[in-house]
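Participant: Turn this into a model:
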Amino acid sequence: MVKQKLNTILKQETERTIIQLFRYVFVGGAAFIVDFGSLFILTDFFGIYYLISAAIAFILGLIVNYILSISWVFNNRKLDNSTLEFGVFTLIGIVGLGLNEVFIWFFTAEVGFYYLISKIISAVIVLFWNFFARKYVLFK
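Facilitator: You can find the predicted model right below:
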């Protein structure tokens, strides 16, 4: 029974939002590791201004997110054209990037948090925006 449930949650195609959200948290986690790691490396090792680093890192995370989302999270795609689909996926990500930048700026410059703490807070908020926007716009 447990094995069957794990198979449903981890392997089988599904349209159940709760399972997709569960999977998307892992996808978002992988993308976040790429994003967060890139932000840290670009800022602390290459000396790039943290908001520019955040934009570059966010784009790298977006690419990881797209690849994992279409291969594991979302089964039904609304668009047959993968280039157009990636374009819309990216537009949703750009809105997420805007939110990301605003939240990182706000929590760093206005609240006084360390920029990496601000990034963690931003990532949680933006994860929900990205999931629900992508689910209902592209993959319903």
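Participant: Give me the residues contacting the helix or strand of the chain with the lowest mean pLDDT.
Facilitator: Across the helices and strands of the chain, mean confidence by mean pLDDT, DSSP states H and E is lowest for helix 2-10: a mean of 77. Here helix 2-10 makes contact (Cβ atoms under 8 Å, 6 or more residues apart in numbering) with Thr14, Ile19, Phe22, Arg23. The way it works is simple: take the backbone N, C-alpha and C, and place the C-beta from them, glycine included.
Participant: who's in contact with Leu116?
Facilitator: Applying Cβ under 8 Å, 6+ apart, the residues contacting Leu116 are Phe36, Leu39, Phe40.
Participant: residues in contact with the residue lying closest to the second one once chain neighbours are set aside?
Facilitator: Leaving aside its chain neighbours, Leu39 sits nearest to Ala57 (4.0 Å; criterion: Cβ to Cβ, 6 or more residues apart in numbering). Neighbour list for Ala57: Val34, Asp35, Phe36, Gly37, Ser38, Leu39, Leu42 [criterion: Cβ under 8 Å, 6+ apart].
Participant: From those, keep the buried residues only.
Facilitator: Burial by neighbour count, 16 or more other Cβ atoms under 10 Å: within these this picks out Val34, Asp35, Phe36, Ser38, Leu39, Leu42.
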